[in-house]
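*Asks:* Build me a model:
(one chain, ligands or ions: 1)
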Amino acid sequence: MPYVSAARYGKDNVRVLKVTRDQSTGVQTVTEMTVCCLLEGDIDTSYTEADNGVVVATDSIKNTTFIMAKQHPVNPPELYASILGNHFIQKYSHIHVANVKVVTHRWIRMDVDGKPHPHSFIKDAGETRNVEVRVSRKDGINISSSIAGLSVLKSTGSAFHGFVRDEYTTLPETWDRILSTDVDASWKWSKFADLKAVEEGASKFDDAWNKARNITLKLFAEDNSASVQNTMYKMCEQILDAVPETETISYSLPNNHNFELDLSWHNGLQNTGKDAEVYVPQTCPNGLIKCEVSRS
Ligand SMILES: O=c1[nH]c(=O)c2[nH]c(=O)[nH]c2[nH]1
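*Replies:* Here you go, the predicted model:
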């Protein structure tokens, strides 16, 4: 007899923009988020018996996403996601888990004539700040925070040699290469007992994001990289050290290759090795290096 071994449902890609206005200074702040909220619980009969009596409509989940954004702070996103998720398990006794993902887009305050403008912003389109929160009646609140799509490139200070050489190998060893990647870095927080615990720790979330971002950028720039693997491990180590409330740090880094180009066919033009200046950025394939580092 088949049975429902796992099920969750909800609304994805709910786009929310919240404007907060400081009446005393006239300074306004915007937060744009894309929210996904998926519920779990005693909902199997909606699949097996067409029992919609257990279904909180995904349209209502979308409405709730907006109402919670109106009634509560949306920053830090870890807190907003926890408030939204907690709402569903408190309001509906048959819903036991809410999975909330919030992608926060980066609207950066515009500088005009060298001064921060009170209500104009520029979108830093690549990078987002993401959180994934699981609010569970039984297991408390588990939060994972991340930086995604932070594209970085260094034109030297990266090597890759000593790797396996055999009959499958064509890649030359290098002591000086371009290193380019799109950072996806996440940190998993120790479990929070309930919403109150998240509220009490709320100031830690922005602080951790700043530390993780600064560590990533500083190490990327300054590490004399032996490999993507080794540099990302150092990043994980430093974040674990800097943010004691985290349990696990993960990185997923594509190695976006920029190939040297032999132009010697054109009048002997030298453009490889020490003469390399013009490179060819590759779209695919790319290396993909991942790791997760935990406290022992
Ligand atoms: O830093 C790297 N790690 C690898 O595993 C790898 N493999 C490869 O072809 N180039 C690189 N670079």
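*Asks:* what comes up buried for stretch 251-271?
*Replies:* Buried residues in stretch 251-271, counted by 16 or more other CB atoms under 10 Å: Y251, S252, L253, P254, N255, N256, H257, N258, E260, L263. Just so you know, the C-beta spots here come from the backbone N, C-alpha and C atoms, and that holds for glycine as well.
*Asks:* Quick check: beta-bridge partners of the fourth one?
*Replies:* Which is P254. L288 (DSSP bridges).
*Asks:* Report the contact partners of it.
*Replies:* By CB atoms under 8 Å, 6 or more residues apart in numbering, P254 lies in contact with T181, D182, N286, G287, L288, I289.
*Asks:* again, 10 Å this time
*Replies:* Counting by CB atoms under 10 Å, 6 or more residues apart in numbering, P254 touches 151, 180-184, 228, 284-290.
*Asks:* picking up where we left off before, tabulate the buried residues of stretch 251-271 (TSV), appending pLDDT.
*Replies:* Converted to TSV, these look like this (pLDDT from 0 to 100):
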residue	pLDDT
Y251	98
S252	98
L253	98
P254	98
N255	98
N256	98
H257	97
N258	98
E260	97
L263	98
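*Asks:* are any of the contacts of P254 buried, and which?
*Replies:* Looks like the contacts of P254 have S180, T181, D182, V183, D184, V228, I289 buried, using 16+ other CB under 10 Å.
*Asks:* wait, which of those is closest to the ligand?
*Replies:* Comparing the buried ones among the contacts of P254 against the ligand with CB to the nearest ligand atom places V228 closest, at 3.6 Å.
*Asks:* List the contacts of that closest one.
*Replies:* Residues in contact with V228 (CB under 10 Å, 6+ apart) are 158, 160, 179, 181, 251, 253-255, 287-291.
*Asks:* And for it, nearest residue in space, chain neighbours not counted?
*Replies:* I289 (4.4 Å; CB to CB, 6 or more residues apart in numbering).
*Asks:* pretty sure that neighbour contacts M232?
*Replies:* Yes: at 6.6 Å, I289 counts as touching M232 under the criterion of CB atoms under 10 Å.
*Asks:* Tell me where the model's unsure across the stretch 51-200 of the chain.
*Replies:* Filtered on pLDDT under 70, the stretch 51-200 of the chain yields no residues whatsoever.
*Asks:* closest point of it to the ligand, which residue?
*Replies:* Nearest residue of the stretch 51-200 of the chain to the ligand (CB to the nearest ligand atom) works out as F160 at 4.3 Å.
*Asks:* Quick check on that residue: phi, psi?
*Replies:* F160 adopts backbone torsions of phi -160, psi 100, taken as degrees, to the nearest 10.
*Asks:* now it: how far from N230?
*Replies:* Counting by CB to CB, to the nearest Å, the gap from F160 to N230 is 10 Å.
*Asks:* Of those two, give the one with the bigger neighbour count.
*Replies:* F160 (21 against 12; other CB atoms under 10 Å).
*Asks:* if we can go back for a sec, looking at the contacts of V228, which two lie furthest apart in space?
*Replies:* S158 and K290 (18.4 Å; CB to CB).
*Asks:* can you map out the helices along this protein?
*Replies:* Using DSSP state H, the helices of the chain run over 44-48, 58-71, 77-91, 195-200, 203-222, 228-242.
*Asks:* Could you pull up the mean pLDDT of the first one?
*Replies:* So that's helix 44-48. Regarding helix 44-48, the rounded mean pLDDT is 98.
*Asks:* Also the fifth one?
*Replies:* Per-residue pLDDT over helix 203-222 has a mean of 98.
*Asks:* tell me the angle of that helix relative to helix 228-242?
*Replies:* Using axes from the mean of the first three to the mean of the last three CA atoms, to 10 degrees, the inter-axis angle of helix 203-222 relative to helix 228-242 is 150 degrees.
*Asks:* quick one: common contacting residues for I289 and M232?
*Replies:* With CB under 10 Å, 6+ apart as the test, I289 and M232 both reach T181, Y251, S252, L253.
*Asks:* who are the neighbours in contact with the third one?
*Replies:* Translated: S252. Applying CB under 10 Å, 6+ apart to S252 gives the contacts 146, 148, 181-186, 232, 288-292.
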